[in-house]
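Student: When you get a sec, could you give me coordinates for this:
(2 chains)
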Amino acid sequence: MVDVLFFVFAAMAVGGAFGVVLQKNPVSSLLFMVGTLGAVAGIFVLFEAHFLAAIQVIVYAGAIMVLFLFVIMLLNLGHDYKADIRSGLGAFVAFATSGAIAGFLARQFRGAADNPIYQQFPGPEGMDQLLAEQGIVGAIARPLYTEYVVAFELVAILLLVALVGAVALAKKRA
Amino acid sequence: MTELSPTAFWIASWAKVMLVFTGLMVAVAYMTLAERRVSAFIQDRLGPNRVGPFGLLQPIADGIKNILKEETMPATANRTFFILAPALSIIPALVAFAVIPFAAPLTTPWGVVDMIVADIPIGVLFVLALASLGVYGLFLAGWSSNNKYAFLGGVRSSAQMVSYEVALGLSLIPVLMLAGNVTLTEVVWQQQQLGFWYLLPLSLAFVLFVVSAFAETNRLPFDLPEAESELITGYHTEYSGMKFSMFFIAEYAHILTASALMATLFLGGWSVPFWAGDHMFWYQGALISGFTAAGEPIAANPAWWKTLLTFLSFALKTAFFAFVFIWVRWTLPRFRYDQVMHLGWKVMLPTALAYVIGIAAAILTLDQLGVEGFLFGAILTVLSGAATLFFVFVVDRDRVIGGGSAARADRMRAKLDREFTRGAGAAHELPVGPVER
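Tutor: Residues are numbered from 1 along each chain as shown, chains lettered A, B, ... in the order given. You can find the predicted model right below:
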């Protein structure tokens, strides 16, 4: 059951990602993006990462994509547009770059059991125990606010800087 | 007293999905009737009372009418999104109900059935996720219609819903801090254990939640996306027939979900007030009703009549809030757009943030001092009550909460009074016809 669902969600995610790139209309692209994010949230649920799935939908599908939609509307971009990459060389460079990134990620997360990335995870039984002890939010929140608190605060400051920067730029224009 | 076998779980889940869906749709149908009858009562009319006894068959007549009506398709509309939009607005509204527990667990010969469609560990977050998706339906409807009024309605709805989602999420944090978990079953259980509805110890969170919920459901005084007097009917201007009524089903389903959430988060959910017999919670694979002084769990004894009674309690609480939604709609005027944004970003957001910090400090202090039980709830009640009064009467000073024009109305009244007394008998005297004696 879980295997079947995984392939269903994976197909939805990949298909949606292709839709984002291939659609000519920005609003259609955006909806495909929302579909992709939803499918990825479904995969998170299959991995028992319910909290991540919920946050994925709330933050990305529900807030960030709505802001994208808002920008598309305010700038009146809701019509078909021409592709940015027109020359054959540009298409080749774009394809090669995305292929290189995909290859790098596949190498990093290859499925071998001795891959050091997987050693940090507690596994299904450990996960169940963690959830029973700390609840779904506690399992994420505890390490985030104790072990990784410095990184967490740095990311928060980074976002604040970006926010202030955006306001400063907007004020300059006006 | 045992949990269900996998097969029984599947069957029970299917049955619950069907029952809840049917129940919700019937409730939505009668919400429309309730809205029309209550509005008629408020405006001193009778309302629809011809179809069936007291007009009770009116929703059926309305449904048949909407199905038989012609579906129009604007020539310049984007066909795909125009058809997709009503579905996108109705699905999140109905699915969100799945995580709300509506009665105490029911005993059956095959085991104990939880009276909740899906008791998933993320609970409230699931509702928030679906609430955040609800905006796509309205927005796409407005955009795909290719009509400027519909488009403005869509833009307003997305701006409004994004703004109030922030306050909605922040107003939930005190509840989750006090309950210690995000599942709604646990929120109900913790309220039973504390002996307080969260309405009292977290009154300011309740106020903020109710206001944001009104904004999220696009109900008056926050119905800017519809705003008949400015935008015809906003995002669904171009819709007709069943697609049009799907937007209304979505709106009423949203109201019911929001009412059920208010009842569950702040009014103890399905729990019957002042009665410990309905306390039930799954703890380490067993259904318990509480703990002894030594910390030993006490087994609960569920019964069908308890399930029925708790369901009645839940239905009454939900119906109360649904009535408040209607009551407010026919009482308050619509906000201006700038007032909506002002309230959301400059009043609700800072207040919610300050309250989260304040209530966290209060809970931490009380925990450190070892205060528990009734005293814990009572102290939080006093603190939150003070915060709520401060918010309403000092921070806001009638500017927004007293109605958009309360202060101006007061000034106007004072001015008229002055003029009336000063000009009595002179130029300001009311015109009086010839008096015959």
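Student: For the longest helix seen in chain A, which outside residues touch it?
Tutor: Scanning chain A for the helix with the most residues, using DSSP state H, yields helix A:149-173. Helix A:149-173 is contacted from outside by A:144, A:145, using C-beta atoms under 8 Å, 6 or more residues apart in numbering or on different chains. To be clear about C-beta, it is placed using only N, CA and C from the backbone, and glycine gets the same treatment.
Student: Convert the helix or strand encompassing residue B:65 to PDB, retaining C-alpha atoms only.
Tutor: Per DSSP states H and E: residue B:65 is located in helix B:58-68. The C-alpha coordinates for helix B:58-68 follow below in PDB (Å, rounded to 0.1, in the frame of the first residue of the first chain):
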ATOM      1  CA  GLN B  58     -36.900  25.100   1.300                       C
ATOM      2  CA  PRO B  59     -33.300  23.800   0.900                       C
ATOM      3  CA  ILE B  60     -34.500  20.900  -1.200                       C
ATOM      4  CA  ALA B  61     -36.400  23.300  -3.400                       C
ATOM      5  CA  ASP B  62     -33.400  25.500  -3.700                       C
ATOM      6  CA  GLY B  63     -31.200  22.500  -4.600                       C
ATOM      7  CA  ILE B  64     -33.500  21.300  -7.300                       C
ATOM      8  CA  LYS B  65     -33.700  24.900  -8.700                       C
ATOM      9  CA  ASN B  66     -29.900  25.300  -8.800                       C
ATOM     10  CA  ILE B  67     -29.400  21.900 -10.500                       C
ATOM     11  CA  LEU B  68     -32.100  22.700 -13.200                       C
END
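Student: What are the contacting residues of that helix?
Tutor: Contacts of helix B:58-68 (C-beta under 8 Å, 6+ apart): B:29-30, B:32-33, B:36, B:48, B:50-52, B:241-242, B:244-245.
Student: Secondary structure and distance to residue B:146 added to the residues you listed, as a markdown table?
Tutor: Listed next are the contacts of helix B:58-68 as a markdown table, based on DSSP: H, G, I helix; E, B strand; the rest coil; distance: C-beta to C-beta, whole Å:
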| residue | secondary structure | distance to residue B:146 |
| --- | --- | --- |
| B:29 | helix | 32 |
| B:30 | helix | 35 |
| B:32 | helix | 29 |
| B:33 | helix | 34 |
| B:36 | helix | 32 |
| B:48 | coil | 34 |
| B:50 | coil | 39 |
| B:51 | coil | 37 |
| B:52 | coil | 40 |
| B:241 | helix | 19 |
| B:242 | helix | 21 |
| B:244 | helix | 17 |
| B:245 | helix | 22 |
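Student: OK, contacts around the most centrally placed residue in chain A?
Tutor: Nearest to the mean C-alpha position of chain A, by C-alpha atoms, centre = their mean, lies residue A:37 at 6.6 Å. The contact partners of residue A:37, taken as C-beta under 8 Å, 6+ apart, are A:56, A:57, A:60, A:61, A:65.
Student: Now go through those residues and say which are in strands.
Tutor: Judged by DSSP state E, strands contain none of the contacts of residue A:37.
Student: Which helix or strand contains the closest residue to chain A within the stretch 51-200 of chain B?
Tutor: Nearest residue of the stretch 51-200 of chain B to chain A (C-beta to the nearest C-beta) works out as residue B:132 at 2.4 Å. Here residue B:132, judged by DSSP H and E, is contained in helix B:124-144.
Student: Quick one: mean pLDDT for that helix?
Tutor: In this model, helix B:124-144 has an average pLDDT of 85.
Student: Who are the packing partners of that helix?
Tutor: helix A:26-46, helix A:50-55, helix A:65-74, helix B:79-95, helix B:148-179, helix B:241-266 (3 or more C-beta pairs under 8 Å, 6 or more residues apart in numbering or on different chains; DSSP states H and E).
Student: Which is the succeeding secondary structure element to the longest one?
Tutor: The helix or strand immediately downstream of helix B:148-179 is helix B:184-194, counting by DSSP H and E.
Student: At the contact with chain B, which residues of chain A appear?
Tutor: By C-beta under 8 Å from any C-beta of the partner chain, the part of chain A that sits against chain B consists of A:27, A:31, A:34, A:50-51, A:53-55, A:57-58, A:61-63, A:66-67, A:69-70, A:73-74, A:78, A:131, A:135-137.
Student: Tell me which residues touch the residue in chain A that chain B sits nearest to, please.
Tutor: Using C-beta to the nearest C-beta, residue A:62 is the residue of chain A that sits closest to chain B, at 2.4 Å. Applying C-beta under 8 Å, 6+ apart to residue A:62 gives the contacts B:128, B:129, B:131, B:132, B:133, B:135, B:165.
Student: is it true that the fifth one touches residue B:90?
Tutor: No - using C-beta atoms under 8 Å, residue B:133 makes no contact with residue B:90, being 11.7 Å away.
Student: Looking at these two, which is more packed in?
Tutor: The residue with more neighbours, out of residue B:133 and residue B:90, is residue B:133; 24 against 20, by other C-beta atoms under 10 Å in any protein chain shown.
Student: Run a quick neighbour tally on the residue nearest to the more buried one when sequence neighbours are not counted.
Tutor: Closest residue to residue B:133 apart from its sequence neighbours, by C-beta to C-beta, 6 or more residues apart in numbering or on different chains: residue B:92 at 4.8 Å. The number of residues packed near residue B:92 is 23, by other C-beta under 10 Å.
Student: contacting residues around residue B:92?
Tutor: Counting by C-beta under 8 Å, 6+ apart, residue B:92 has contacts B:130, B:131, B:133, B:134, B:137.
Student: Tell me the spacing between the second one and residue B:349.
Tutor: From residue B:131 over to residue B:349 the distance is 17 Å, taken as C-beta to C-beta, to the nearest Å.
Student: more neighbours, those two?
Tutor: residue B:131 (27 against 17).
Student: Can you verify my assumption that that one contacts residue B:165?
Tutor: Yes - counting by C-beta under 8 Å, residue B:165 is a contact partner of residue B:131 at 6.8 Å.
Student: any shared contact partners between these two?
Tutor: In contact with both residue B:131 and residue B:165: A:62, B:216, using C-beta under 8 Å, 6+ apart.
Student: How about the secondary structure of residue B:288?
Tutor: With DSSP: H, G, I helix; E, B strand; the rest coil as the basis, residue B:288 sits in strand.
Student: which bits of chain B sit near chain A?
Tutor: B:81, B:120-122, B:125-126, B:128-129, B:131-133, B:135-136, B:139-140, B:143, B:151, B:154-155, B:158-159, B:161-162, B:165, B:169, B:176, B:180-182.
Student: Buried by neighbour count, from these: which ones?
Tutor: Among the residues of chain B next to chain A, those classed as buried by 16 or more other C-beta atoms under 10 Å in any protein chain shown are B:81, B:120-122, B:125-126, B:128-129, B:131-133, B:135-136, B:139-140, B:143, B:151, B:154-155, B:158-159, B:161-162, B:165, B:169, B:176, B:181-182.
Student: and the helix or strand encompassing residue B:421, what's its mean pLDDT?
Tutor: Using DSSP H and E, residue B:421 maps to helix B:406-422. In this model, helix B:406-422 has an average pLDDT of 71.
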